[in-house]
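1. Pasted the sequence and its predicted model underneath.
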Amino acid sequence: MSDRIQWLWRESKRWVARGLISEDQAGQIRGLYPAPKAALPWGTIIFAGFGAVTAGLGIILLLAYNWQAIPRGGKLAIVFAGLMMLHGVGIWLFQRGERWRQAGEAVCLLGSMLFGSGIWLIAQIYNIQEHYPNGFLIWGLGALLLAWAMPSLVQGLLAVTVLGIWGCSESWAFEAPVDGGLLLILAGVGLLAWRLRSPFLFFFVLAAFVITLCANVSVLHGFLLLRVLLQFGTVFLAVALLSERHGWFAEAAGIWKFYGWWCFLLPVYLLSFPFFAERDIAGDLSDEAGLRLRQLVYGWGAFILSMLAWGWVEWSLRTGSARRGDDTSDLSGAGGARVRQAVFPFENWLLPLTALLSQVLSLARLSNYRWEVAAVYNLIFLALAAAWIGRGCREGLLRPTLLGSLLLVALVAARYFDLFENLAVRGVVFLVVGGLLIGEGIAFRRARQRLQPAKATP
Amino acid sequence: MKTKWIIGAVALQVLALAYLGGEREWVLRTGRTIYLRTIPVDPRDVMRGDYVRVAYEMSSVSRAQCRGRLADRNQAFWALPPDTRVYARLRVGEDEVAEFESLSAERPAEGVFLRGRTERSWSQQLDVRYGLEALFVQQGQGRPLEPSWEPEAVQVPLEMKVALSPDGIGVLNGYRRSALGIGLRLEKEADTGSSAERQLRTIGATVELKNVSSNAVAIVDLPGGRSLDLMVDPWRSAENWRWVHEAETPMTPAPDHVVVLKPGDSHLIKVDFQDAWWSVVKKEQGTASQARPMKLTELTREGLEFCLEYRSPERAACARLPRSELIWHGRLRTRTVRLWSIND
């Protein structure tokens, strides 16, 4: 139970005792704020998980010693008997009831760890030196199957970690990116996170997806990386908005936003440097047909996804379709514009606009205009910072004010090194930015003061 | 119902492991046993943790050794898709020792062959992995398998015991030592007439062939060190050199060239690098340029690294020689050395 609910329950008893309200009224008030559902037993999950992983590593190391005294059959028997015993005990505990469920999951996790180590141990027994990422793929699929069958969060975590390693090792170690790996992570484990309604698992799903995406694209062609990442960032943010608005796995909307903003802001910031902008615009497609096709699929696929996602956002706002009971569902008409601005800040349109601009810039042959291209990204970054600061100061919101200020400072710091070489210019720029920040502080305080009485008024 | 799904998922995990091990176990039990000679590997690359890395002659294949579409010179090796499936055709000789014949991307219709996959390769040199490059041993047991760190020590290559299935899957099943070992001693002199007094140049070498088996073994020592080939290491040499007699047919052996070695005996082959036979020429784009062949002793401070390879004559050429049944067949490569070194 959260601290606030506890406080309400405690205080409501005092109010009844003082005769301020009746017991019935206290019950009605408490009924307005029900205690949230019991949280996941994180202590059990974390300790059981760590225990399983550590014990699994112990088994791996013991067998990895590769005792020659143990015959081949003995080693195989240890692997198979251990695997079946652990899963057997785990399933038995898992079925015994809610109380033993986590213990059962932990033992089955240990079983899946042994399954993974078994792949390498059998490779050791038979001196197999095949394409090693296949081992990660088999391991990840085994854990994923069990994660769906149980269903189990920890098995899902193991699966997404191992499948992420598989995708990255195919790309970085063999320069053979597997495009299906991205789908497997998103559909295979992402849907499991949705089924379990677990933002925690979904956080790792998107982490694995983004890292594998970076690995794939960097191998196909480095120049694509920033643009594809930027466009996927805009896709994630569109999905976050749709998810919040329609209540589709709304618990994960924050995760979509987190990765969306990182994937968007980091490339835009890097592209504000002429060094990166030049690489973005100078990248030619490969002469090799297969590679060229994949470069086109990544380059255009991300852009098309972005446009479709933002088209959907716009359609959703125009038609006012939203989850049932949402008081912001009707955004049409003049009155709706204010509400629309509140639920969907207009600066968000910078995101699809940037995706479109980056695609256009990549098509235009602007190799000799690196500073001009970088200037576009500087302006986008600056516009976003200004919009956030403006909205924060206008509405007395700390987060956009602070984030906008950080973006502004980061941009000025970057240009300090490559644009403002003259000390006098640097001085002027710092004076202007300093002045802006002070003005922003004053505006923010005034907005808070103005809104304070309004908030206090019923 | 849920329990059935869970048990099904666990069963699939067990089956995956069973298939992985079962396939190899089947090859071990039913496959044909052959031995593959390893190339002495530079000690720096050999031991990594608890497995011994080994390389074979067929691990690095030239265009001339390729057949089928791999032999097409218009297709550079580096343009091959990664992990392309290839087949090494083998000829199995005495003692079940297999020798590499050719490499193709097409599966041979008959004969003995080993399945492999291409590694990252260069234009005309194809590196191949057969899944037989790592021998796992108990922790701490790998040291004795390492080549000696002593520069002049005799190196005895391993012969890997491989179970081979009819469709080319090879499973390592142990190892044995080769009957012959090879060592190399360099003859050097200080460079005169230059300011760099610490530089030493190699003017000759002595190759030692030693019978390390418990039976008598014969070798063929052609006059003037003609039983040896000079192999320039292209990856460690500053310029693209090649030996002028590369890929030439060796001379026919005569009865007095046969040397029988009792167990523990050694035979020394002296090589004089001032002899024009040991000349090298720069090659460009895989073909010899018009550059003049140069003796090794004429090269001044070239960053050239090389090794010498003892190559026994073909079986047919040895058939009429005395004690031909004792003649050791195969190739033995010395460690790789630098032509110039620093006198410390």
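-> That came through, no problem.
2. Straight-line length of stretch B:313-322, end to end?
-> In stretch B:313-322, first residue to last residue: 14 Å (CA to CA, to the nearest Å).
3. Flag every buried residue along it.
-> Neighbour-count burial for stretch B:313-322 flags B:Pro313, B:Ala317, B:Cys318, B:Leu321 (criterion: 16 or more other CB atoms under 10 Å in any protein chain shown). Quick note: C-beta positions are derived from backbone N, CA and C, even for glycine.
4. I'd like those residues as TSV, with secondary structure, distance to chain A and pLDDT appended.
-> Converted to TSV, these look like this (DSSP: H, G, I helix; E, B strand; the rest coil; distance: CB to the nearest CB, whole Å; pLDDT from 0 to 100):
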residue	secondary structure	distance to chain A	pLDDT
B:Pro313	coil	33	87
B:Ala317	helix	36	87
B:Cys318	helix	34	88
B:Leu321	coil	38	90
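5. Just the closest residue of the stretch 51-200 of chain B to chain A, please.
-> Using CB to the nearest CB, the closest approach of the stretch 51-200 of chain B to chain A is made by B:Leu172 at 3.7 Å.
6. On the three-state scheme, that residue is what?
-> Three-state assignment for B:Leu172 (DSSP: H, G, I helix; E, B strand; the rest coil): strand.
7. ok, it touching A:Asn127?
-> Yes: B:Leu172 lies in contact with A:Asn127 (CB atoms under 8 Å); the separation is 3.7 Å.
8. residues shared between the contacts of those two?
-> Counting by CB atoms under 8 Å, 6 or more residues apart in numbering or on different chains, the contacts common to B:Leu172 and A:Asn127 are B:Leu132, B:Leu135.
9. just to revisit the earlier point, enumerate the beta-bridge partners assigned to the residue of the stretch 51-200 of chain B closest to chain A.
-> Beta-bridge partners for B:Leu172, by DSSP bridges, are B:Val162.
10. Count the neighbours of it for me.
-> By the criterion of other CB atoms under 10 Å in any protein chain shown, B:Leu172 has 24 neighbours.
11. My understanding was that B:Gln125 contacts B:Ser60; is that so?
-> Yes: contact criterion CB under 8 Å: B:Gln125 and B:Ser60 qualify, at 6.1 Å.
12. need the helices for the stretch 1-150 of chain B, in chain order.
-> Under the criterion DSSP state H, counting those that start in this stretch, the stretch 1-150 of chain B contains helices at B:2-30, B:43-46.
13. What are the buried residues along the longest one?
-> Spelled out, that is helix B:2-30. For helix B:2-30, by 16+ other CB under 10 Å, it's B:6, B:9-10, B:12-14, B:16-17, B:20-21, B:24-25, B:27-28.
14. from the residues you listed, which are also near chain A?
-> B:6, B:9-10, B:12-14, B:16-17, B:20-21, B:24-25, B:28 (CB under 8 Å from any CB of the partner chain).
15. helices and strands of chain A: which one bottoms out on pLDDT?
-> Scoring the helices and strands of chain A by mean pLDDT, DSSP states H and E places helix A:333-343 at the bottom, with a mean of 56.
16. Could you look up the next helix or strand downstream of it?
-> The helix or strand immediately downstream of helix A:333-343 is helix A:350-363, counting by DSSP states H and E.
17. from the middle of its chain, how far away would the next helix or strand after that following helix be?
-> The helix or strand immediately downstream of helix A:350-363 is helix A:370-395, counting by DSSP H and E. A distance of 23 Å separates the centroid of the chain from that of helix A:370-395, by CA atoms, centre = their mean, to the nearest Å.
18. Show me which residues of helix A:370-395 are buried.
-> A:370, A:373-374, A:376-378, A:380-381, A:384-385, A:387-393, A:395.
19. thinking again about what came up before, for the helices of the stretch 1-150 of chain B, which has the smallest mean pLDDT value?
-> Here the lowest mean pLDDT among the helices of the stretch 1-150 of chain B goes to helix B:43-46, at a mean of 39.
20. Within range of chain A, give me the residues from the stretch 51-200 of chain B.
-> B:79, B:82-83, B:117, B:120, B:129, B:131-139, B:141, B:171-173.
21. among those, which ones are buried?
-> B:Arg129, B:Gly131, B:Leu132, B:Glu133, B:Ala134, B:Leu135, B:Phe136, B:Val137, B:Val171, B:Leu172, B:Asn173.
22. who does the host helix or strand of A:Asp280 touch, helix- and strand-wise?
-> Element membership for A:Asp280 (DSSP H and E) is helix A:274-282. Here helix A:274-282 touches helix A:224-246, helix A:253-271, helix A:350-363, helix A:370-395, going by 3 or more CB pairs under 8 Å, 6 or more residues apart in numbering or on different chains; DSSP states H and E.
23. of all the ones you listed, which lies closest to A:Asp418?
-> Relative to A:Asp418, the nearest member of the helices and strands packed on helix A:274-282 by CB to CB is helix A:370-395, separated by 9.0 Å.
24. Which elements pack onto the closest one?
-> Against helix A:370-395 (3+ CB pairs under 8 Å, 6+ apart) you get helix A:253-271, helix A:274-282, helix A:350-363, helix A:398-418, helix A:423-456.
25. tell me the angle the shortest one makes with helix A:350-363.
-> Relative orientation of helix A:274-282 versus helix A:350-363 (axes from the mean of the first three to the mean of the last three CA atoms, to 10 degrees): 70 degrees.
26. ditto for the longest one
-> Taking the same axes, to 10 degrees, one finds helix A:423-456 and helix A:350-363 inclined to each other by 150 degrees.
27. Which secondary structure state is assigned to residue 248?
-> Just going to use chain A. coil.
28. oops, I was thinking of chain B
-> coil.
29. Based on its surroundings, how many neighbours for it?
-> Using other CB under 10 Å, B:Glu248 has 10 other residues around it.
30. For the helices of the stretch 1-150 of chain B, give me JSON lines that also has distance to A:Leu350.
-> Output for the helices of the stretch 1-150 of chain B, formatted as JSON lines (distance: least, CB to CB, whole Å):
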{"stretch": "helix B:2-30", "distance to A:Leu350": "46"}
{"stretch": "helix B:43-46", "distance to A:Leu350": "54"}
